[in-house]
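1. test case, fold it:
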Amino acid sequence: MRQLTGFRINRSGAVDSYIFEWVNKNDAGAMESYTYKGIEPPRPELLTAADNIALISAKMVSLSLTEKDVMDGGCFYGLKMEYPVDADYYKLQIKASVQIPWGYTFKYETPNWRVWYSNTKGDFNNTVKNAMQKLMQECWKYIDGERAQTKLTFTKEAAEE
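-> Now for the predicted structure:
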C-alpha cells in the first residue's frame, strides 16, 4: 500500500518542479522509500488542492486572514506526513507563505498536526482530512502520469499522416 510522505513545489528555478515522496510495502513486507521529481505542469486540480491546503494551514497557525488574502497572496511550498503504527491518525506538517502589509512575505510552518481518520474529532479535522484526501488523489495522479495537457502543435504533413 502506497503512502504519501511528502509533497513540495520548488519555485526557485526557471520552471516549477514538483517533488513527491512516498513509501510502499514490498513483497517481503519491508517499506521502501521513493522520490519523484517532475517539471511537467500538473493538472489545475493539483494546484487548487495545494492552495486549499495553504488556506487551511493559515487557520492551523491562527493567522487572521480571509480566504481571499490567502488565495491572492498565499503560496503552498510543501508538506510532510508521518503514519504512526496502529494509530487512528497521521501527522501532517505544512509549509506555506502569505503576503503581509508593505510587500513582505511571511513564510511559516505548521506544527505536526494530528489528522484523525475517524469523524469524531470535529468539523475542522474533517475539513483538513477531506482537503488532504483530495490533494493526495491529485498527487497520485501526477505520479501515475496524469498531468496537464500541454499544447500540441502539428505540421500539416504530420496531421495528414
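
2. tell me what the longest strand anywhere in the chain is packed against?
-> In the chain, assigned by DSSP state E, the strand with the most residues is strand 89-100. With contacts defined as 3 or more C-beta pairs under 8 Å, 6 or more residues apart in numbering; DSSP states H and E, the secondary structure elements packing on strand 89-100 are helix 44-60, helix 67-73, strand 75-82, strand 104-109, strand 113-116. (Each C-beta comes from the backbone N, C-alpha and C, glycine too.)

3. what's the closest of these to Asp27?
-> The minimum distance between Asp27 and the helices and strands packed on strand 89-100 falls on strand 75-82, with 23.9 Å, by C-beta to C-beta.

4. Met136 reaches Gln3, doesn't it?
-> No. Counting by C-beta atoms under 8 Å, no contact exists between Met136 and Gln3, whose distance comes to 9.1 Å.

5. of these two, which one has the most company?
-> Each of Met136 and Gln3 has its neighbours counted (other C-beta atoms under 10 Å); Met136 has more, 18 against 15.

6. which one is the more buried one nearest to, not counting chain neighbours?
-> Nearest non-adjacent residue to Met136, counting by C-beta to C-beta, 6 or more residues apart in numbering: Leu4, 5.3 Å away.

7. now that neighbour: how far from Gly103?
-> Distance from Leu4 to Gly103, counting by C-beta to C-beta, to the nearest Å: 34 Å.

8. list the buried residues of the longest strand of the chain.
-> 89-90, 92-99 (16 or more other C-beta atoms under 10 Å).

9. name the nearest of those relative to Thr110.
-> Thr110 lies nearest to Ile94 out of the buried residues of strand 89-100, by C-beta to C-beta, at 4.7 Å.

10. now the nearest residue to that closest one once chain neighbours are set aside: how far from Phe106?
-> Leaving aside its sequence neighbours, Ile94 sits nearest to Ser57 (C-beta to C-beta, 6+ apart; 4.0 Å). In this view, Ser57 and Phe106 are 12 Å apart by C-beta to C-beta.
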